[in-house]
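1. Here is my input; please provide its structure:
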Amino acid sequence: MFCASNSIYGILGIIYSAIDTDGNGFPFDVQFDLVFVANVMHHIERKDLRHVLSRIKSSMKRSGLAIIFEFNPYNPATQLLFKAVDRRYDPNAVMLKPHYLHSQLKKAGFAASRAYYTIFFPAFVSILLPLEKYMTGVPIGAQYYMIAENKMEAQP
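-> The predicted structure follows:
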């Protein structure tokens, strides 16, 4: 699923569309300020990932932002859940290491940020949740996200 927000469409101002990995499913004729992608990239074959990222970049305004969330392969609990649940629905899904996603974003022409880690504590220790905002650089969170800016021209 590719989700993007531009101007007021409906109550939330969100436009969304399913896309094909070949990039032909981008039906948008507008340029977006923000593209939000959550737990999708691990379903895209590695050979297609840079192309999909390039298509996302081409749908964005200059200096627009892409926020991409993915499962953290460095978290043992996430690995177990991924194998038990996500791979059941998509046996070809492969978690992306943060440095790999970062490199693919750069090759697609984004000015990519570092990985920010999130979701450290389960609900039964909710008293610790306020600490999470100080832990974004610790690579053990269940997920990570990158904020990539559309600044550079795509590299071949």
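2. okay, CA-based contacts and neighbour counts for the rest of this
-> Noted.
3. which intervals of this protein have sub-threshold pLDDT?
-> 1-29, 87, 152-156 (pLDDT under 70).
4. Of all the residues in the longest strand seen in it, which ones are buried?
-> Using DSSP state E, we find that the single longest strand of the chain is strand 60-71. Neighbour counts over strand 60-71 (16 or more other C-alpha atoms under 10 Å) mark 60, 61, 62, 63, 64, 65, 66, 67, 68, 69, 70, 71 as buried.
5. In CSV, list those residues along with distance to residue 108.
-> Formatted as CSV, the buried residues of strand 60-71 follow (distance: C-alpha to C-alpha, whole Å):
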residue, distance to residue 108
60, 13
61, 15
62, 14
63, 15
64, 14
65, 14
66, 12
67, 15
68, 14
69, 17
70, 18
71, 21
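6. Specify which member of those residues is nearest to residue 136.
-> Set against residue 136, the nearest of those by C-alpha to C-alpha is residue 69 (13.2 Å).
7. who's the closest one bridged to?
-> Beta-bridge partners for residue 69, by DSSP bridges, are residue 38, residue 145.
8. Which secondary structure elements does the longest helix anywhere in the chain sit against?
-> If you go by DSSP state H, the chain has its longest helix at helix 46-58. The elements that helix 46-58 packs onto, with contact taken as 3 or more C-alpha pairs under 8 Å, 6 or more residues apart in numbering; DSSP states H and E, are helix 98-107.
9. Nothing else from me, thank you.
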